[in-house]
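In: sequence plus predicted model, see below.
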Amino acid sequence: MPIKFPSPIRFLNPSLPVARFPLTNVGLSLNTPRSIPIFTRVFPFKLKYLGFASHFSTHSFRPVPTGSRPEFSRRTGGGGERGETKLSKSLIEDEAELSDWVSDLRTNSIRGRVTSEDESDSDMGRRYRSKSGRGRETDSGGNRGGGAGVLSTKRRRESNSNEFSEPTRRRTESTFGSPTRDRGTVGLQNARRGRRERNLGFKRDDKGSRGKGVFIDGDVVDNGEDERKGLMQNLGGLINEEESDSDDDDNGVFEKNALSSIGLEKDFDVKDRPSLSTNSDSFMSETRFDQCSISPLSLKGINDAGFAKMTVVQAATLPAILKGKDVLAKAKTGTGKTVAFLLPSIEVVVKSPLNRDQKRPPILVLVICPTRELATQAATEAKVLLKYHPAIGVQVVIGGVRIALEQKSMQANLCQILVATPGRLKDHVENTAGFASRLMGVKVLVLDEADRLLDMGFRKDIEKIIAAIPKQRQTLMFSATVPEEVRQICHKALKRDHEFINTVQEGSEDTHSKVRQMHLVAPLDKQFPFLHAILKDHMADDPDYKVIVFCTTARVTGLVAEFLGALKLNIREIHSRKAQTYRTRVSDEFRKSKGLILVTSDVSARGVDYPDVTLVLQVGLPASREQYIHRLGRTGRKGKEGEGILILAPWEEFFLSTVKDLPITKAPVPSIDPDTKKKLERALSQVDMKSKEAAYQAWLGYYNSQKKVGNDKNRLVELANEFSRSMGLDTPPAISKVVLGKMGLRNVPGLRSK
Ligand SMILES: Nc1ncnc2c1ncn2[C@@H]1O[C@H](COP(=O)(O)OP(=O)(O)OP(=O)(O)O)[C@@H](O)[C@H]1O
């Protein structure tokens, strides 16, 4: 018999408070006439607030009168969203698309374009030599410099059209450079000791515990968010003016509005939910799937997948979703959110009458994911659940795949469930015959990684997609992070009576306590050696190691991968400069393997479910607090233990204040013996000069867009040149004048132009 929960209470985790949002008067906006852009209505650029207490002067967003609002007893997330310094807003769907877009700048299609990376590459190799004097001049491989160019110029422009610029605030960094002390690697080894044993059970840990980025390697990003603001500053002239109507003002306003208008309706009392009261670290509930009204064939599929009981987020959200409610759900990384939205969506298809329109059979469920890897993974999980539903089909549409192939596949195969990345989906809406009418069948819309999809980089595409599906639908949004300002936007996308189900216990962190988090502050010239030392140490400590190294941009990722490859480490790399087929192959390989290090940009930051990752290393400033959390979430999945180390330069230490609620301790500083030092220098000298030049430009672009670093241009260039020296270059690479101009860096002392 189906279990029943009293309707106003949404439950959760062991002691998870389930938050429900007050019913504000804002729920209508997404159901707007098609001709009016949704987010323009719901989030007007000139939105003004009349006070911190929640008064708005816009007709499309009215605050709940203070008196009628449920008391803002606590903010959810245990500080998860606290202190968000809002480091970012994304620009582009998938970094590959930004890559394409930047490639596009090389053409004559956009006014005021930048000189292409390829152009700037043309003679770089001849100009500079590595420290050893033998910089190689060969191209770094067919995968570079290409971009998966399947996107139209128009779309790329549109993808970028909503970025906002931000008034430049001058700021002088005062925290540059404090030398680190060498304390040996023993501490790190100790820190890890016993990890494997602890992994054997779900025991509680006793330890105390771009966009897309922007960019720009003159070229690219991998995932920043706030850098996007910088991108706009830097590339001002590149943006289509009609579309660059900035909502600069909105950002500050938005944050305040969010703070003042969101409250929790109810705190959850775990005593009322014995089925969920496992220990508070567990991601599993006591609820069985057959306790909900799930079809027998779905139950069979679940059983075959080996899922005996629901995870906490599944138990928390399924009853509400099955009842047809709109849901915004927040649950920690790796806790089964994908099944939580797929399973009830499948049930909607099961219950839908068979459609006899063979020519344009309707798409009933639309799942949108921010990256190609994630979309592919969600579709794979759907297929597992659909094992005993031969009449239900799932298809994927993502960038990097020939659109004609997708059109064929959607026509020739069952496609009641469509999983897509936003840009490609929009392409289909605009260019695939009959697709728009199929979309009019959508009954369930899912935004996976909702906060990412609702940020600036995706806004336009999402807006168009929502306008292309029926207003009468169920909307589900899931993420491990739901910043305040995103909650505001979510309100507009969801029905008024939607439920916000937060499975992160009040007062607990957004990260898993079984994942040991550390940071290491080291000057740039020490970072390559330290990275190597940490990896070697980890590999020695755990023969089943499986490590992900996150880097700031695609080009820096390429550089780090080459460096580690030269040291004969077992390396794979994934970033936007790699072809999609390569990305898919490497992703599959990494999923199945052990004894491997994946060097990657933020294309791998969210959602991807690689089992048993033992260590996540983040090198350089993460694009945002959220991005830090999602990257870290690649380890410690399904209740396992893991380890995360963030390597920052002294002048990046400010980032720690944005994650001060997380249990991040200081990592011991590795010691580097003279022989190893020489070996590392040799390895660096083997890295392709073009990779170094591209990484230098990308590095400069990325940090230029980070306001805390990029506002002081003289200092920025000093730091970039420090980075250049850390790669073994005596002279920093020259950058084309056009690119420097676009970055706002012309005539800054220390830069070389060509
Ligand atoms: N009921 C269940 N029992 C056991 N394992 C499950 C269950 N549901 C899902 N899983 C597995 O848990 C793993 C993590 O799930 P999933 O990738 O959906 O997590 P997530 O919460 O979406 O993570 P992220 O926030 O990183 O996207 C997957 O391997 C999935 O197959």
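Out: Thanks, I have the structure now. Numbers count the residues shown, from 1 in each chain.
In: show the end-to-end separation of stretch 533-552, please.
Out: The first and final residues of stretch 533-552 sit 20 Å from each other (Cα to Cα, to the nearest Å).
In: give me the buried positions along it.
Out: Residues 533-535, 537-539, 541-542, 545-552 are the ones in stretch 533-552 that count as buried (16 or more other Cβ atoms under 10 Å). To be clear about C-beta, it is placed using only N, CA and C from the backbone, and glycine gets the same treatment.
In: shaky segments in the stretch 651-754 of the chain?
Out: Of all residues in the stretch 651-754 of the chain, none has pLDDT under 70.
In: in it, what residue comes closest to the ligand?
Out: Leu662 (15.8 Å; Cβ to the nearest ligand atom).
In: interface residues of the stretch 501-650 of the chain facing the ligand?
Out: Gly607, Asp609, Gly633, Arg637, Lys638 (Cβ under 6 Å from any ligand atom).
In: C-terminal to whichever strand or helix holds Lys300, what's the next element?
Out: Taking DSSP states H and E as the definition, Lys300 sits inside helix 296-305. Downstream of helix 296-305, the first helix or strand assigned by DSSP H and E is strand 309-311.
In: what's around whatever residue of the stretch 451-600 of the chain ends up closest to the ligand, how many residues?
Out: Scanning the stretch 451-600 of the chain for proximity to the ligand using Cβ to the nearest ligand atom identifies Ala480 as nearest, at 4.1 Å. Applying other Cβ atoms under 10 Å, we find 27 residues neighbouring Ala480.
In: shouldn't it be in contact with Arg634?
Out: No - under the criterion of Cβ atoms under 8 Å, Ala480 makes no contact with Arg634, lying 11.3 Å away.
In: what residues do these two have in common as contacts?
Out: Thr333 (Cβ atoms under 8 Å, 6 or more residues apart in numbering).
In: wait, a helix at Ala329?
Out: No - counting by DSSP: H, G, I helix; E, B strand; the rest coil, Ala329 is not part of a helix but strand.
In: so it sits right up against Thr503, yeah?
Out: Yes - between Ala329 and Thr503 there is a contact under Cβ under 8 Å: 7.2 Å.
In: what do the two both touch?
Out: Common contacts of Ala329 and Thr503 (Cβ under 8 Å, 6+ apart): Val313, Ala316.
In: of these two, which one has the most company?
Out: Neighbour comparison, Ala329 and Thr503: the larger count goes to Thr503, with 32 against 28 (by other Cβ under 10 Å).
In: so what's the more buried one scoring on pLDDT?
Out: Listed pLDDT for Thr503 reads 92.
In: that one contacts Val327, doesn't it?
Out: No - with contact defined as Cβ under 8 Å, Thr503 does not count as touching Val327 (11.6 Å).
In: of the residues of the stretch 501-650 of the chain next to the ligand, buried ones?
Out: Buried members of these, counted by 16+ other Cβ under 10 Å: Gly607, Asp609, Gly633, Arg637.
In: with distance to Asp427 and secondary structure as added columns, please give those residues in a markdown table.
Out: Formatted as a markdown table, those follow (distance: Cβ to Cβ, whole Å; DSSP: H, G, I helix; E, B strand; the rest coil):
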| residue | distance to Asp427 | secondary structure |
| --- | --- | --- |
| Gly607 | 22 | coil |
| Asp609 | 27 | coil |
| Gly633 | 30 | coil |
| Arg637 | 32 | helix |
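In: flag the shaky bits of the chain, pLDDT-wise.
Out: 1-281, 356-357.
In: tell me which parts of it are close to the ligand?
Out: Within the chain, the positions near the ligand by Cβ under 6 Å from any ligand atom are 307, 310-311, 314, 331, 333-339, 480, 607, 609, 633, 637-638.
In: so which of the buried residues of stretch 533-552 are in helices?
Out: Among the buried residues of stretch 533-552, the members falling in helices (DSSP state H) are Ala533, Ile534, Leu535, Asp537, His538, Met539, Asp541.
In: distance check, Gly324 against Met477.
Out: Distance of Gly324 to Met477, computed by Cβ to Cβ, to the nearest Å: 15 Å.
In: try Lys337
Out: 10 Å.
In: and Gly324 and Met477? which has more neighbours close in?
Out: Ranked by neighbour count (other Cβ under 10 Å), Gly324 and Met477 place Met477 first, with 29 against 12.
In: that one: what secondary structure?
Out: strand.
In: now do the contacts for the residue nearest to it when sequence neighbours are not counted.
Out: Once flanking residues are discounted, Met477 sits nearest to Ala450: 3.6 Å by Cβ to Cβ, 6 or more residues apart in numbering. By Cβ under 8 Å, 6+ apart, the residues touching Ala450 are Leu328, Met477, Phe478, Ser479, Val482, Val486, Cys490.
In: count the neighbours of the first one for me.
Out: I take that to be Leu328. Leu328 has 28 neighbouring residues, counting by other Cβ under 10 Å.
In: tell me the bridge partners for it.
Out: Met477, Phe500 (DSSP bridges).
In: hmm, His547 is touching Val613, no?
Out: Residue 547: Val, not His. Yes - Val547 lies in contact with Val613 (Cβ under 8 Å); the separation is 7.2 Å.
In: just curious, which of the residues of the stretch 501-650 of the chain next to the ligand is nearest to Val717?
Out: Ranked by distance to Val717 (Cβ to Cβ), these are led by Gly633 at 34.5 Å.
In: against Ser285, how distant is that closest one?
Out: Distance from Gly633 to Ser285, by Cβ to Cβ: 20 Å.
In: then Pro483?
Out: According to Cβ to Cβ, Pro483 stands 26 Å off from Ser285.
In: kindly report the same for Arg452.
Out: Taking Cβ to Cβ, one finds Arg452 at 26 Å from Ser285.
In: next one: Gly644
Out: In terms of Cβ to Cβ, Gly644 sits 26 Å off from Ser285.
In: the more surrounded of those two?
Out: Gly644 (28 against 25).
In: for that one, what are its contacts?
Out: So Gly644 contacts Val515, Arg516, Gln517, Met518, Leu615, Val616, Leu617, Gln618, Arg631, Leu632, Thr635 (Cβ under 8 Å, 6+ apart).
In: switch those over to a markdown table; also include secondary structure, distance to Ile294 and neighbour count.
Out: Below are those laid out as a markdown table (DSSP: H, G, I helix; E, B strand; the rest coil; distance: Cβ to Cβ, whole Å; neighbours: other Cβ atoms under 10 Å):
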| residue | secondary structure | distance to Ile294 | neighbour count |
| --- | --- | --- | --- |
| Val515 | strand | 31 | 27 |
| Arg516 | strand | 37 | 25 |
| Gln517 | strand | 37 | 24 |
| Met518 | strand | 42 | 19 |
| Leu615 | strand | 37 | 27 |
| Val616 | strand | 34 | 26 |
| Leu617 | strand | 40 | 24 |
| Gln618 | strand | 39 | 23 |
| Arg631 | helix | 33 | 25 |
| Leu632 | helix | 32 | 30 |
| Thr635 | coil | 31 | 26 |
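In: what's the closest of those residues to Pro362?
Out: Nearest to Pro362 among these, with distances taken as Cβ to Cβ, is Arg631, at 37.4 Å.
In: so that closest one is in contact with Gln618, correct?
Out: Yes - counting by Cβ under 8 Å, Gln618 is a contact partner of Arg631 at 5.6 Å.
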